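Asks: return a 3D structure for these sequence lines:
(4 chains)
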There are 4 protein chains.
Amino acid sequence: MTPAPFDRVVLGDLVLPDAVLPGGWVAVRGEVIAGLGQGVPPPAEDIADHSGKLVLPGLVDGHMHTSSSTGWAGIEGASMSAAAGGVTTCVDMPYDVPRPVTDAGIFREKVAVVEATSHVDMALYGTITKEGGVDAIAGLAEAGACSFKLSTYEYDAVRFPRIDHPTMLAAFREIAKTGLMCAIHNEDQELVLRLTAEAKAAGRCDPIMHARTRPPLAESMADLEIFEMALETGCHVHIAHSSIARGFELAEVFRRSGARTSGEACIQYLCMTEEDLVRLEGFGKCNPPFRTAAEVERMWTALEAGKIAYVSTDHAPWPRERKLYRGDIFAPGAGLTGLQSFAPLFYTLLAERGLPPTLMALYGAERPARFHGLFPKKGAIRVGCDADLMVLERGDFTFDARDIRDREDARWSPYDGRAMKARVAATYLRGTCIWDGRDVLAKPGTGRFVPRQHRDTHLGGA
Amino acid sequence: MTPAPFDRVVLGDLVLPDAVLPGGWVAVRGEVIAGLGQGVPPPAEDIADHSGKLVLPGLVDGHMHTSSSTGWAGIEGASMSAAAGGVTTCVDMPYDVPRPVTDAGIFREKVAVVEATSHVDMALYGTITKEGGVDAIAGLAEAGACSFKLSTYEYDAVRFPRIDHPTMLAAFREIAKTGLMCAIHNEDQELVLRLTAEAKAAGRCDPIMHARTRPPLAESMADLEIFEMALETGCHVHIAHSSIARGFELAEVFRRSGARTSGEACIQYLCMTEEDLVRLEGFGKCNPPFRTAAEVERMWTALEAGKIAYVSTDHAPWPRERKLYRGDIFAPGAGLTGLQSFAPLFYTLLAERGLPPTLMALYGAERPARFHGLFPKKGAIRVGCDADLMVLERGDFTFDARDIRDREDARWSPYDGRAMKARVAATYLRGTCIWDGRDVLAKPGTGRFVPRQHRDTHLGGA
Amino acid sequence: MTPAPFDRVVLGDLVLPDAVLPGGWVAVRGEVIAGLGQGVPPPAEDIADHSGKLVLPGLVDGHMHTSSSTGWAGIEGASMSAAAGGVTTCVDMPYDVPRPVTDAGIFREKVAVVEATSHVDMALYGTITKEGGVDAIAGLAEAGACSFKLSTYEYDAVRFPRIDHPTMLAAFREIAKTGLMCAIHNEDQELVLRLTAEAKAAGRCDPIMHARTRPPLAESMADLEIFEMALETGCHVHIAHSSIARGFELAEVFRRSGARTSGEACIQYLCMTEEDLVRLEGFGKCNPPFRTAAEVERMWTALEAGKIAYVSTDHAPWPRERKLYRGDIFAPGAGLTGLQSFAPLFYTLLAERGLPPTLMALYGAERPARFHGLFPKKGAIRVGCDADLMVLERGDFTFDARDIRDREDARWSPYDGRAMKARVAATYLRGTCIWDGRDVLAKPGTGRFVPRQHRDTHLGGA
Amino acid sequence: MTPAPFDRVVLGDLVLPDAVLPGGWVAVRGEVIAGLGQGVPPPAEDIADHSGKLVLPGLVDGHMHTSSSTGWAGIEGASMSAAAGGVTTCVDMPYDVPRPVTDAGIFREKVAVVEATSHVDMALYGTITKEGGVDAIAGLAEAGACSFKLSTYEYDAVRFPRIDHPTMLAAFREIAKTGLMCAIHNEDQELVLRLTAEAKAAGRCDPIMHARTRPPLAESMADLEIFEMALETGCHVHIAHSSIARGFELAEVFRRSGARTSGEACIQYLCMTEEDLVRLEGFGKCNPPFRTAAEVERMWTALEAGKIAYVSTDHAPWPRERKLYRGDIFAPGAGLTGLQSFAPLFYTLLAERGLPPTLMALYGAERPARFHGLFPKKGAIRVGCDADLMVLERGDFTFDARDIRDREDARWSPYDGRAMKARVAATYLRGTCIWDGRDVLAKPGTGRFVPRQHRDTHLGGA
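Replies: Numbers count the residues shown, from 1 in each chain, chains lettered A, B, ... in the order given. Okay, here's the model as predicted:
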């Protein structure tokens, strides 16, 4: 008997970046999508029938932190919640404790930990040390870093340092040679430190002061500095997260002048406001902070106009204890969990605005994969791509933080209790089901490191 | 024994708008693409093996004239050359002799002739009479016209009239209600008539005078007039053919002001120059005329920057006799054959410039289909689309006009003798082979009329 | 005894384009301003004491028609009303009956009539015949024409013909060589004729139909045509009167592209609306027609932003009989009297908006003089300029058309009965008082022809 | 006998911002221009006959430092060289040793010193202390400061501190309330310090390294920061000196976005290049440094296009000893003498480029006076203005630094030995001759403090 030409077919309504194919199928051979179609599927060893549900590409989260608070040990739990959230590729930030990823040696060590412990596939940013460190850039690129990340603001001199202008300029020159993108945490340190000091001196440490001490100007000033250096060096410079529409406008202004500039939004900047910060206290604290409802609208306008590179989570699973507000909003760590809520929330926000789920395939999978040089291996339901799929079941659900599949103290969420219009019913990683809607079936080590696939800069377009 | 899930699989290197899939397959069920993939194909009743060749979507020629010189009888021959040229969908102009397509009744009559005689699928433009005629617009749209075509220049008061400003304004208002696009033949009649009269008076009727009497200004003045009325009415107004890059710039300027404006290039404006006009005499005469080599370069710059709606042929198969130059360049008819040379020429021009064949899938299939509201039924190798395919064999060939599959007196071409880097090895229309590289297998009536699929205006983007 | 160094000093508050000098004086020697100052004046043979009144430069009306309805005989009366209105330099249009100014011979004849009959100084436009006529351009420039005027709309095939595109293009090329400006009457003839015919056919000949049959689009389409030819030829092309702010925007867009384009407003477009047309019937009819109150506001915004070349009257003193509405608004002549009301109205409009009278010195004197190449001889209270002065007495006045100093049947005005905040208390032409607030002291022949002073194009700036 | 109506008439060819009046006269009454004219002058008590020479407005140097190196004692000498150089109004920087002008008390003390020791009139900038100091802004404006000056770069923590972002932001908010302009020394400190440290570490302390360690990017990054804060606060923010055309472009970009931004050039950036730095060593060192010849051309293009606010000297009369290069270009003070060479050099540069001296009246007198709120009291030959005049004798001269009228150790100049096409033959301050071409006739205390005349921001236009 002839063997079936495919190992598995996955049935469902396929969500592509520009269309939905009802009654579709994805045919998997090995770990790869070997075919896709509509109607009666071809024979296969196995049939995964999700008829009536949406089948999207597994999401690519272009910006998250597994190891910022708990070290590389955090990879295991964070990637488990990713699996449960339909995120099949994490692009992990380099700001790890105790050692950030600042040279090829550390990079390779982290790769080994990823391969040993991750539940999903993972690409990795590199970074540089606060002083010097530029020499390590070529080696990091060589080792497979997909992108770089630097900061204009210092959280910690070792883990997350501010890179000063001359060092950043030197780094941009060096990164330009690699062709990779350099994402920047964009806050003007002088403004933030002073406003924070003044707030403290005035005895104002209540939650809203987190937003007041990091005003939009702190972002836009940083944006301008990095973009002028982008224009000078030819480096692709990317705002790691713009909470304001002006960030995307500035990227466009500089692009028109010939610079390679872009910026991304995090999902929280597309829905959360200062009121949420006040309500959530420490659990609503992230940097940049939530803005106004009017700014959220401007962000959506920018997204619909195609001005945003992609949408990410900036997932940062602080231990719950570190997020508690005890009268001083400046004390808790900045960052939110977001991997497991990403897909249901993104779908819900689109549905609430009458927008199609195709935008999720585009901004949550294809475009982040393109910007990080992972496309077409990752980010799409296309022939030849890894068979990374997420199945969304539509309905009325409530996001419950207790269901987060991570270590106990990371089971909190700013979206706890939020009504959702979909849930992740299954996740497939390279053709294998790693989440069946109830349990994470992947094991530590199921995930793999994904090196940069090529070095072409992507600046937009579909 | 289980029946094969597909009727046919077509094997080859699939050329998509943004990638080439080597070793691919397209699975056909009925007339539609039911699947596509790479590697071992699924079982099918039939296998069409074009391994090693390029498989593109059948081309969509958004601008051609089957019946301008010979009436509806011309449909049969022109569509045969389309089949041999890999063009599976013709969007036929309404300027037919003796009766242009100016009302729903005529439209339906033409549809019947198309269904009876065409070798490939065909969508149809509508137009209006020189005076009045605006009232027929709604009926034409209702009857399935995909777009409208009007002219600022008069070739013939009945067949191809100049529509004056007030009538055009009224037409735009009416077309705006239908949501369809209105393409415009854009030449300033006053300028052209005067310059022509002066040339004749001066005894200058040699070939180059065809270009001299229709200067770029004649186009740009017409462009501005129609775009200002587009801005006023909200109608999608489209330059039917811009031989100059300024046309696309003006479309962009008006789009930024909120108008719905666009413009297309014909393939000849991407390669032919005034020198070719002098060389080819009547057989190099078309309107607008060929421009300079520098303008050709500007056209390519516009194309690569995404400013051009799509690329078409403006195919007009004048009887050879009507193209002969006998000392008066103003006597021969204006227009070139182009359907059968379209695919090899487009591929060759791209190859000569080191550009990928994906641009052909984009500008020669997907985008014309989008602008004419035929996408996704037509224009793409995508699941659910009509299984219209063209197979390109790469190699060194010479275009020989004697091979044109049309009536004898239409077997001439401005590209006769040109070196080509590919030839059309096969054409599939809705899953059936209609050209096998030697013979047109389609019969009159194999082709069908394709009505507008929807009424969304497409102004660009992928 | 030493003779006084000056023949006359005129005392008053001097209104310059950017400041008002209270207690000022202007010292005249011969016909020229030989000095100006503040406080105690220098000795002079004569003192004209207007202390407490405003002394402005005599106005330069850059656009008016003395002889369109009554032939050169009209110069005498129109220039008399100019004197009474503080207008010391008229730039007269060439559309004279029975013979427009289409060659140097006619030009010189008209110069002779001006010198024999005008009460104020006069510069002259030239024009061309409907066909041919381009060859006369160099001669007209040589004879001293300050500018040219052509039209896209035909009132009369001889007096005021439409110049078609090829002729206009040829004319622009020729005028470009002279360095002079070419003003264009900008209305799309096809649109206007058709809308008018339709209105008549529908029995709609009531006053508002004059506006409805000449919509803003009729202007903007003409503007685009002439500006594209300006870009092509390098000729300074000027909208003779834009009743819509878009005209000035288009001029700016083309200037940024390198064209030499500009546009002027008439004073009526800064105050009159469609309601005034309905109220005034034939006496409110001019071309382009009055627009909406919202458009008037946009016009002022354009003026304050410096986008308007200058402000003129388009004075056209039709015999009263020819302006009467007898049930058909299409019958009366188009055009308004405006010379005598210009200064009081301009001052009043500025005062009503809280704007300074300096704008009147700028837009009613200096800038028209600059655009027509008459500056600095005309248009300013500056040393070395002709001692042309206008004295404004502020107060509450009412404009009474019966006071117009012209032939009896030209004593009508759309502003009859309007409250004015100033009146012209005196006018000086080259140092001599020609209007003392009651009587015109000038005689026919007091005025002189003023040839173009130089051939530099002025496109804006102070 | 009637007393003469004027105290003095000055005869010569008057250079206005837009014209030259040959054979002109300026009539002075008291300290003010009471009249001006051409030809036979009115009677006056005194006649200063400079017939055949150019009479310009006394220059207004909008940017200079009398007291940066030697304290307020420096005012006396610097103002003497100003008198000899035709500069009648100095706008003195606040970075005085030992105490910068950071509050109203110090301001008033400096005013007293100015009134006691200056040879020419003087307006004064205010500044703030490195920390705090914002509260003093209102008082400084009240005391008559014409403008403010802050720096992004620190020369000295007390005299010339870097103002950090939060303090600058607060200062801009406060200055915005006063309506005054805030000029900024624009260099990115981080870049400059690092590049300097690296150069020193590499043993590269030769002259060209002064330019290499302060690259154009150091300016443009600072420009963007201050302009973004300008946009946020509404403050008029002005680049104190842009050595690169990009500075003016950025000012224009931000103006179009609604910010109040501008920038000035110093005369050295219109002629000196890196080659001059190498040649002059310490005597060619200033900040920003000289750029390339190509950049000088771009600066002139910007000037002719009206994009530059005004032209200044940045005069800084370091003791000669402090400018000597002894193998370390980083050791000498930064700054050039320029007051006495300003007028001859400006005239010469214009003449060498075929540009009229009117540009000197505009950019060297009227516009700086407008930007600093001193116009029309200062900056123009206009009725009612202070009778500040400079007389230029044309011819072939050589600038000789030994002729500088300042303390001995300030008699050096980067222009020493340069061929000049004019010399200052006389200077009049408020009607009195203070320089007769050989001797400074003014005494310490002849000059007066000039307070801000009004608080309107001027952003350009004539």
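
Asks: use CA for all of it now, contacts and neighbours both
Replies: OK.

Asks: give me the contact list for the longest helix anywhere in chain A.
Replies: Using DSSP state H to define each element, chain A has its longest helix at helix A:216-233. With contact meaning C-alpha atoms under 8 Å, 6 or more residues apart in numbering or on different chains, helix A:216-233 is reached by A:152, A:169, A:172-173, A:176, A:184, A:186-189, A:191-192, A:236-237, A:239, A:242-244, A:246-247, A:250-251, A:254, A:257-261, A:288, D:217, D:220-221, D:224-225, D:228-229, D:232.

Asks: now, of those residues, which are buried?
Replies: A:152, A:169, A:172-173, A:176, A:184, A:186-189, A:191-192, A:236-237, A:239, A:242-244, A:246-247, A:250-251, A:254, A:259-261, A:288, D:217, D:220-221, D:224-225, D:228-229, D:232 (16 or more other C-alpha atoms under 10 Å in any protein chain shown).

Asks: let's see which of those residues end up in strands.
Replies: A:184, A:236, A:237, A:239, A:260, A:261 (DSSP state E).

Asks: ok, the third one - contacts?
Replies: Read it as residue A:237. A:181, A:182, A:183, A:184, A:226, A:227, A:230, A:260, A:261, A:262.

Asks: now flag whichever of those is closest to residue C:445.
Replies: Of all the contacts of residue A:237, residue C:445 sits closest to residue A:227, with 68.6 Å by C-alpha to C-alpha.

Asks: contacts for the stretch of helix or strand residue A:361 belongs to, please.
Replies: Residue A:361 belongs to helix A:358-361 when assigned by DSSP states H and E. The contact list for helix A:358-361 (C-alpha under 8 Å, 6+ apart) reads A:15-20, A:56-57, A:59, A:346-347, A:350, A:379-380.

Asks: tell me which helix or strand comes right after it.
Replies: Toward the C-terminus from helix A:358-361 - assigned by DSSP H and E - lies helix A:367-371.

Asks: that following helix near chain B anywhere?
Replies: No. Helix A:367-371 stays clear of chain B (C-alpha under 8 Å from any C-alpha of the partner chain), getting no nearer than 12.4 Å.

Asks: give me the mean pLDDT for that helix.
Replies: In this model, helix A:367-371 has a mean pLDDT of 97.

Asks: downstream of that helix, the next helix or strand is which one?
Replies: Per DSSP H and E, the first helix or strand lying C-terminal to helix A:367-371 is strand A:389-398.

Asks: can you name every helix or strand that that following strand contacts?
Replies: With contacts taken as 3 or more C-alpha pairs under 8 Å, 6 or more residues apart in numbering or on different chains; DSSP states H and E, strand A:389-398 sits against strand A:44-57, strand A:419-429.

Asks: ok, 10 Å please
Replies: On a contact count with 3 or more C-alpha pairs under 10 Å, 6 or more residues apart in numbering or on different chains; DSSP states H and E, strand A:389-398 meets strand A:6-15, strand A:44-57, strand A:87-92, helix A:339-352, strand A:419-429, strand A:432-435.

Asks: quick check: neighbours of that strand in the sheet, parallel or antiparallel?
Replies: strand A:44-57 (antiparallel), strand A:419-429 (antiparallel) (DSSP bridges).

Asks: and it, what's buried?
Replies: A:389, A:390, A:391, A:392, A:393, A:394, A:398.

Asks: and the residue nearest to the last one when sequence neighbours are not counted, what does it touch?
Replies: Meaning residue A:398. For residue A:398, ignoring the flanking residues on the chain, the nearest one in space by C-alpha to C-alpha, 6 or more residues apart in numbering or on different chains is residue A:419 at 4.5 Å. Going by C-alpha atoms under 10 Å, 6 or more residues apart in numbering or on different chains, residue A:419 touches A:344, A:345, A:348, A:396, A:397, A:398, A:399, A:400.

Asks: do that again at 8 Å, thanks
Replies: A:396, A:397, A:398, A:399.

Asks: give me the number of residues near the last one?
Replies: Using other C-alpha atoms under 10 Å in any protein chain shown, residue A:399 has 22 neighbouring residues.

Asks: so what's it up against?
Replies: Contacts of residue A:399 (C-alpha under 8 Å, 6+ apart): A:341, A:415, A:416, A:417, A:418, A:419, A:420.

Asks: how about the first one: what's its closest non-neighbour residue?
Replies: Take residue A:341 and drop its neighbours on the chain: the residue closest to it by C-alpha to C-alpha, 6+ apart is residue A:85, 6.3 Å away.

Asks: give me the below-cutoff pLDDT ranges for chain A.
Replies: A:1-2, A:461-462 (pLDDT under 70).

Asks: so which residues on it come close to chain D?
Replies: So chain A meets chain D at A:164-166, A:190-191, A:194-195, A:217, A:220-221, A:224-225, A:228-229, A:232 (C-alpha under 8 Å from any C-alpha).

Asks: now residue A:300, nearest residue through space, not along the chain?
Replies: Nearest one to residue A:300, counting by C-alpha to C-alpha, 6+ apart, is residue A:270 at 6.7 Å.

Asks: run a quick neighbour tally on the one you found.
Replies: What residue A:270 shows, counting by other C-alpha under 10 Å, is a neighbour count of 23.
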